[in-house]
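>>> Sequence first, predicted model second:
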Amino acid sequence: MHDLSFPTFITTHPHAILVEIREAKGSTPREAGTFMLVADTAIWGTIGGGQFEYMAIDNARAMLAGRGEAAMDIPLGPEIGQCCGGHTRLAFRPLTPELADMLERRLREEEDDRPAVTLFGSGHVGQALAKALVPLPFAVTVIETRAEALEDLPDDTARHLTAMPEAFVDKIPAGGAAIILTHDHALDFLIAQRALARTDLAYVGMIGSLTKRATFSHWLKRQGDVEDGNEKMLSRLVLPIGGTAVRDKRPAVIAALVAAELLETYAARQEQTSKRQIPTA
């Protein structure tokens, strides 16, 4: 549960137990390094839910009462009412000011490491996509030429008003994503051309149809960027965004599909990241 920010939780619940997954084998709800904080009447975070989390909470609160264990080995099988089939080893530690500072630094680092997703355009789909992405592990920026289109975005969304949105393509950090959803096809094409000229972006997508893709291919050919409209430059463009399997053009549905595409795109990168455990000293 994240009803409170981490600093607020620490301030309001200074006596808490850190519960961390120290080892995860097989199929488990969360990976090693995942943690939660348990106080007498509140919880921050989750280690995956289910019966094994209830067991961890009970043990943490027993520790607060002077009982409990410093470690638990829990097989995730029928004996505890879960069928994941994996195995987890949990560590329990009383929260200290030093440990709280370490955890807060880690959370800040993880936030800084979020992939940068830049939305070019804040129409109906852009608004829906911004709302869908903000709760996910992305740093979202919206670029617009219309001031009124930036008014109803989520609070955690960075926003820029500019007459030349294509210039912001160069400001996307390496490994970031460009999603093009403006109200002007010509502007879409300019932004996409500039984004595809970069080879260090993880995702370049444009709203539209297969017909728009063909039109963009011909446009690129006229620009001299491709020989026959089928080269590597165009192959890196996701158009239409959200795929074609679900034929539902409601903004919220498109936003959900694109969010899933982004999560899938970054999954391999996340898997390559070494599991982070909280130092014991």
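Right, received. Where do you want to start? Residues are numbered from 1 along each chain as shown.
>>> From the chain's centre, how far out is the top helix by length along the chain? Work that out for me.
Ranked by residue count under DSSP state H, the longest helix found in the chain is helix 251-272. In terms of Cα atoms, centre = their mean, to the nearest Å, the centre of helix 251-272 is set 8 Å apart from its chain centre.
>>> Show me what it is packed up against.
Packed against helix 251-272, as judged by 3 or more Cβ pairs under 8 Å, 6 or more residues apart in numbering; DSSP states H and E, are the following elements: helix 124-133, strand 177-180, strand 203-206. Every C-beta, even on glycine, is put in place using the N, C-alpha and C of the backbone.
>>> Would you mind giving the orientation angle of that helix with respect to helix 124-133?
Angle, helix 251-272 to helix 124-133, by axes from the mean of the first three to the mean of the last three Cα atoms, to 10 degrees: 40 degrees.
>>> What residues sit buried inside helix 251-272?
Residues 251, 254-259, 261-262, 266 are the ones in helix 251-272 that count as buried (16 or more other Cβ atoms under 10 Å).
>>> And for stretch 24-35?
24, 28-30, 32-35.
>>> Which one of these is nearest to residue 238?
residue 30 (29.0 Å; Cβ to Cβ).
>>> Which neighbouring elements make contact with the least confident helix or strand in the chain by mean pLDDT?
When the helices and strands of the chain are compared on mean pLDDT, DSSP states H and E, helix 232-235 comes out lowest with a mean of 80. The contact analysis (3+ Cβ pairs under 8 Å, 6+ apart) places helix 232-235 against helix 210-223.
>>> Give me the helices and strands touching the helix it packs on, please.
Applying 3+ Cβ pairs under 8 Å, 6+ apart, we find helix 210-223 packed against helix 185-196, helix 232-235.
>>> Those: which one's closest to residue 146?
Distances from residue 146 to each of the helices and strands packed on helix 210-223 were compared by Cβ to Cβ, and the smallest falls on helix 185-196, at 11.6 Å.
>>> How about residues contacting that closest one?
Helix 185-196 has contacts (Cβ atoms under 8 Å, 6 or more residues apart in numbering) with 120, 145, 165-166, 169-170, 172, 178, 180-182, 201, 204, 206-208, 212, 215-216, 219-220, 223, 225, 233-234, 236-237.
>>> okay, now the domains of this structure?
6-111, 116-270 (automatic domain parsing).
>>> Compare the ones you listed and say which comes out lowest on pLDDT.
Here the lowest mean pLDDT among the domains of the chain goes to domain 6-111, at a mean of 84.
>>> and the buried residues of stretch 24-35 as TSV, adding secondary structure?
As requested, the buried residues of stretch 24-35 are exported to TSV (DSSP: H, G, I helix; E, B strand; the rest coil):
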residue	secondary structure
24	strand
28	coil
29	coil
30	coil
32	coil
33	coil
34	coil
35	strand
